[in-house]
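J.: show me how the following folds:
(4 chains)
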2 protein chains.
Amino acid sequence: MPATPKKTNPSMLDVAHHAGVSIATVSNVINRPEKVAEATAERVRAAIAELGFVRNDAARLLATGTTSSIGMVLADLDNSLYVDMAHGAQQGADGVGLRLVLGNAACDMRRQDDYLHLFDEARVAGVLLSPMEDSLDGIERMRSHGRPIVLLNYEQAGVECCTVLVDNEQVGYVAARHLIETGCTRLAFVAARDEYQPVRARRAGVRRAVAEAQGVSLETIDADGLRFEGGQAVAHALAGRTGRPLPDGVVAVTDDLGNGIADGLHTALVAEVPGDIAVVGCEDNRSARSGPVALTTVELRGAKMGEAAAALLLEELNTPAGEHRHRTVTVRPALVERASTAQARLGV
Amino acid sequence: MPATPKKTNPSMLDVAHHAGVSIATVSNVINRPEKVAEATAERVRAAIAELGFVRNDAARLLATGTTSSIGMVLADLDNSLYVDMAHGAQQGADGVGLRLVLGNAACDMRRQDDYLHLFDEARVAGVLLSPMEDSLDGIERMRSHGRPIVLLNYEQAGVECCTVLVDNEQVGYVAARHLIETGCTRLAFVAARDEYQPVRARRAGVRRAVAEAQGVSLETIDADGLRFEGGQAVAHALAGRTGRPLPDGVVAVTDDLGNGIADGLHTALVAEVPGDIAVVGCEDNRSARSGPVALTTVELRGAKMGEAAAALLLEELNTPAGEHRHRTVTVRPALVERASTAQARLGV
DNA sequence: GACTCTGGTTTAAGCGCTTAATTCTCCGCT
DNA sequence: AGCGGAGAATTAAGCGCTTAAACCAGAGTC
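T.: Got it, this is the predicted structure:
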């Protein structure tokens, strides 16, 4: 039986032979076409097409020390916020000739580190990271290799790199303010006990809004996790409450949580949203749009963040080493009004 | 002003000098530790740690011709089906030492090709692809370079490679059968006119179920697109219908479409779901779980598909060239009952 | 004491590309 | 005829790693 010829990527040398020129000419056709005579170039291009030649980027990277690929590590693709960031980053990268590859950490710190390591090994031009928690060492490693890294949606004490933030304090403030303006006076802030930095900031914003207002009370409710089920559980706890009056306005620290609360309240027959209790979520996830009741929420503008991050990265890449000054871009969150707070507005 | 020392990745040679050994020994410490004396290895490891050395994967790839990275091109990360596939693939890859990087085509054929090209340039070990439409050339290029590629959720006439399919005919069948079993007799199949292959298959399945049943009618309704808004539009068209009776059971070819129909029917006050009309979606997107009414749907099992794809890829990678026989794994879809068909079951 | 092992280490030849430096041609000028 | 150039193509030196082959003690053997 005849040995199947092992298929493999043709090399530049193959192309060169095929076109009857030297390997350098092939390279020139690809990288500096103006240096080669049109007739020759044409012959080379034909050879490339005929052989199906695709440049070996590893070799190119090795020779030049640069590549146009950048890596992005996302905390959790199940959360549409990060998908939005990916979109924005791709948008931003596309325009300037950078190529974006993604890694999904899937809420796993180890995986996040794995991807950072992978991208470092691959010598990507730069990295976009939406970190899950303090990830100093991974970030430091990148930076110590002179590889730009920009952080999304996380303030990292003690690390200096370009960062894109959403003003999470403002997120909480906008949410609470909206409830207060629609007439709520007994607010509740629902979050997981887990001290995740954006949660803290949003809590602070809610506090500020309440403090500014007259005669508005605030209670903090701990949920179990940040997902739908956690919200349902909170609603059921609320259903069983005696003594203290129920809140009339809830700021849920995530949309999922908000949806869960709305659902739980409804099925437990304690209260209707927004009739009895208004609910505001945070982040404007896909799920907010299509929940049991369309959720008013404060959008983080993931796409904008991703785009800004790509822009910052490009800026750093284009600045001569040493002259770069790190910047922080802060994206302003925006209220998105939907049904879950509509009644209150009409009512009062 | 003193020139800032240009930070860069330390090389193996740096490590070798630092540890007072040759570069080959460093390589051996990393790749075949059993070949080097423990004392030396220890010294080298210390040097690696001290310098923060990270292997240059491009150089390694160039030298060995192989890498453990595989690429996955996803049609649309906004669709949770593909996120599920990514999860499954990662799961599958993780266990066997393959490293998965993602590219989001975002429904853009050009971008899908770009990613295939990128991965080909990067000389990844293999590719996982959920193609959007006929993408013969991109696939052929991969294959002609001897790079394994496995297709997800798409039957590609004329291309032979390993494939993971969901039985889309069965999807339609299961959906329609469920409606019929709950007592519906006037079915409607709602899909975009656009001839997307899975749509055709699901339509065929629906037809088969109807043909098998007694006294059940079927109409086909064309929607504008496969998203929520398309469904709303269909509902409004239905609302204005005269002469012909409304269907009592709807198979929507996607969950978004199903949600849109349920929403449109409700707001137009024509009918309630599931009270008057039962609705079944397809795919089991995240949106199905948290729509205006929880949608009964037929799940495609994206995670299972991703995992199977990774397994097929590994199989091909481990088979000596030429001996590999392409296989197709078919995942059986499964009905997920939720509220949107509950009433019908109780009613009839 | 010459001889073979053998475990440990180094040497050196690539892998496929880029690019500075070089060589080669062919022209136009004097 | 001879010379300087411009333009086009080639040569060759790496980039950072892997790995087969060569080398080099020091320990057994007879």
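J.: ok, residue A:10 touching residue A:51?
T.: Yes - Residue A:10 lies in contact with residue A:51 (CB atoms under 8 Å); the separation is 4.4 Å. Bear in mind the C-beta positions are built from the backbone N, C-alpha and C, glycine included.
J.: neighbour count: the two, which is higher?
T.: Using other CB atoms under 10 Å in any protein chain shown as the criterion, residue A:10 and residue A:51 rank with residue A:10 on top: 20 against 17.
J.: what's the helix or strand harbouring residue A:103 in contact with?
T.: Assigned by DSSP states H and E, residue A:103 belongs to strand A:99-104. Contact with strand A:99-104 is made by A:68-74, A:76-77, A:86, A:89-90, A:93-94, A:111, A:114-115, A:118-119, A:124, A:128, A:310, B:71, B:86-87, B:90, B:100-104, B:114, B:118, as judged by CB atoms under 8 Å, 6 or more residues apart in numbering or on different chains.
J.: the next helix or strand after it close to DNA strand D?
T.: Proceeding N to C from strand A:99-104, the next assigned helix or strand is helix A:109-121, under DSSP H and E. No - using CB under 7 Å from any atom of the strand, helix A:109-121 never reaches DNA strand D; the gap is at least 8.9 Å.
J.: list the contacts of the closest residue to residue A:213 other than its chain neighbours.
T.: Nearest residue to residue A:213 in three dimensions, chain neighbours excluded: residue A:180, at 4.9 Å (CB to CB, 6 or more residues apart in numbering or on different chains). When contacts are counted by CB under 8 Å, 6+ apart, residue A:180 touches A:187, A:209, A:210, A:213, A:216, A:249.
J.: and if we set it to 10 Å?
T.: Remark: with contacts taken as CB atoms under 10 Å, 6 or more residues apart in numbering or on different chains, residue A:180 is in contact with A:187, A:209, A:210, A:212, A:213, A:214, A:215, A:216, A:249.
J.: same deal with residue A:220?
T.: A:187, A:188, A:189, A:190, A:191, A:193, A:203, A:206, A:207, A:251.
J.: which members of the contacts of residue A:180 are positioned in helices?
T.: A:209, A:210, A:212 (DSSP state H).
J.: out of those, which comes closest to DNA strand C?
T.: Nearest to DNA strand C among the ones in helices among the contacts of residue A:180 is residue A:209, at 55.4 Å by CB to the nearest atom of the strand.
J.: which residue packs closest to that closest one, ignoring adjacent ones?
T.: Leaving aside its sequence neighbours, residue A:209 sits nearest to residue A:176 (CB to CB, 6+ apart; 3.6 Å).
J.: can you give me the strands for chain A?
T.: Assigned by DSSP state E, the strands in chain A fall at A:69-74, A:99-104, A:126-129, A:149-152, A:163-166, A:186-192, A:217-223, A:249-252, A:278-283, A:296-299, A:328-331, A:334-336.
J.: intersection of neighbour lists for residue A:10 and residue A:51?
T.: With CB under 10 Å, 6+ apart as the test, residue A:10 and residue A:51 both reach A:17, A:18, B:144.
J.: how near is the residue in the stretch 201-348 of chain A positioned nearest to DNA strand C to DNA strand D?
T.: For the stretch 201-348 of chain A, the nearest residue to DNA strand C under the criterion CB to the nearest atom of the strand is residue A:317, separated by 15.8 Å. As judged by CB to the nearest atom of the strand, to the nearest Å, residue A:317 and DNA strand D stand 18 Å apart.
J.: what about that residue, neighbour count?
T.: The burial count for residue A:317: 17, using other CB under 10 Å.
J.: wait, it sits on residue A:127?
T.: No - checked against CB atoms under 10 Å, the pair residue A:317 and residue A:127 is beyond contact range at 11.3 Å.
J.: give the buried residues for stretch A:229-240.
T.: Within stretch A:229-240, the residues that qualify as buried are A:230, A:231, A:232, A:233, A:234, A:235, A:238, counting by 16 or more other CB atoms under 10 Å in any protein chain shown.
J.: and whichever residue of the stretch 201-348 of chain A sits closest to chain B, what pLDDT?
T.: Residue of the stretch 201-348 of chain A nearest chain B, by CB to the nearest CB: residue A:322 (3.4 Å). You'll see residue A:322 listed with a pLDDT of 77.
J.: how near is it to residue A:329?
T.: 22 Å (CB to CB, to the nearest Å).
J.: ok, back up a step: list just the nearest of the shared contacts of residue A:10 and residue A:51 to DNA strand C.
T.: Each of the shared contacts of residue A:10 and residue A:51 was scored against DNA strand C by CB to the nearest atom of the strand, and residue A:17 proved nearest at 11.2 Å.
J.: hmm, back to that, show me what contacts the residue of the stretch 201-348 of chain A closest to DNA strand C?
T.: Residue A:317 neighbours (CB under 10 Å, 6+ apart): A:66, A:68, A:70, A:96, A:98, A:125, A:126, A:147, A:148, A:324.
J.: can you get me a residue count around the residue of the stretch 51-200 of chain A found nearest chain B?
T.: As assessed by CB to the nearest CB, chain B sits closest to residue A:146 within the stretch 51-200 of chain A, at 3.5 Å. Using other CB under 10 Å, the number of residues around residue A:146 comes to 12.
J.: name the residues linked to residue A:188 by a beta bridge.
T.: When bridges are called by DSSP bridges, residue A:188 pairs up with residue A:219, residue A:250.
J.: quick check, it in contact with residue A:217.
T.: Yes - here residue A:188 reaches residue A:217: they are 9.3 Å apart, a contact under CB under 10 Å.
J.: remind me which residues of the stretch 201-348 of chain A are low pLDDT?
T.: Within the stretch 201-348 of chain A, the stretches with pLDDT under 70 are A:343-348.
J.: how far away is the spatially closest residue to residue A:186 that is not a sequence neighbour from residue B:147?
T.: Once flanking residues are discounted, residue A:186 sits nearest to residue A:247: 4.6 Å by CB to CB, 6+ apart. From residue A:247 across to residue B:147, the span is 58 Å (CB to CB).
J.: cool, residue A:20 as well?
T.: 28 Å.
J.: how about the residues of chain A that lie near DNA strand D?
T.: A:21-25, A:28, A:35-37, A:39-40, A:59, A:62-63, A:65.
J.: could you rerun that using 6 Å?
T.: Counting by CB under 6 Å from any atom of the strand, chain A comes close to DNA strand D at A:21, A:22, A:23, A:24, A:25, A:36, A:37, A:40, A:62, A:63.
J.: what pLDDT does the model give the third one?
T.: The one in question is residue A:23. Value for residue A:23, per-residue pLDDT: 95.
J.: got the contact list for it?
T.: Taking CB under 10 Å, 6+ apart as the test, what residue A:23 contacts is A:11, A:12, A:13, A:14, A:15, A:16, A:17.
J.: repeat that with 8 Å
T.: Residue A:23 makes contact with A:12, A:13, A:16 under the criterion CB under 8 Å, 6+ apart.
J.: can you give me the neighbour number for the second one?
T.: Looking back up the chat, that one is residue A:13. The number of residues packed near residue A:13 is 11, by other CB under 10 Å.
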